[in-house]
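Engineer: I'll drop the sequence and a predicted model, then ask my questions.
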Amino acid sequence: MSSVAVVYFSGAGHTHLMAEAFAEGAKQVSGTTVEVLRITGEQITEGRWQHAETLENWGKPMLLCLAHPLIWGV
């Protein structure tokens with residue numbers, strides 16, 4: 001059985017839609033489990049993202065998809 005973790009941050013919701021679409025496509029593959037993990041602003045402390053539950057899951061999937069919005073000028 002294959003597993004996929006889709007981890008993303010979405011400010012305005014566009015990246016959220018893309019992450020959900022990616023997850024739905026991955027679910028179409030027989031025998032694949034998909035977990036969608038959204039990073040929120042509250043999980044960012046002193047400029048670093050911290051969320052123990054999600055970090056634990058990063059070691060498990062066979063495919064890890066990371067997504068974030070493009071911020072102009074950064």
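Structural biologist: That came in fine, so what should we check first?

Engineer: Now residue 12: closest residue in space that isn't a chain neighbour?
Structural biologist: Excluding its sequence neighbours, the residue lying closest to residue 12 (C-beta to C-beta, 6 or more residues apart in numbering) is residue 69, at 7.2 Å. Every residue, glycine included, has its C-beta placed from N, CA and C.

Engineer: Now name the helix or strand holding the one you found.
Structural biologist: Using DSSP states H and E, residue 69 sits in no helix or strand.

Engineer: what's near enough to touch it?
Structural biologist: Neighbouring residues of residue 69 by C-beta atoms under 8 Å, 6 or more residues apart in numbering: 9, 10, 11, 12, 14, 15.

Engineer: Can you name the next helix or strand after the helix ranked longest in the chain?
Structural biologist: As assigned by DSSP state H, the longest helix anywhere in the chain is helix 14-27. Scanning forward in sequence from helix 14-27 by DSSP H and E, the next helix or strand is strand 32-39.

Engineer: what angle sits between that following strand and helix 14-27?
Structural biologist: Strand 32-39 and helix 14-27 are oriented at 170 degrees to each other (axes from the mean of the first three to the mean of the last three C-alpha atoms, to 10 degrees).
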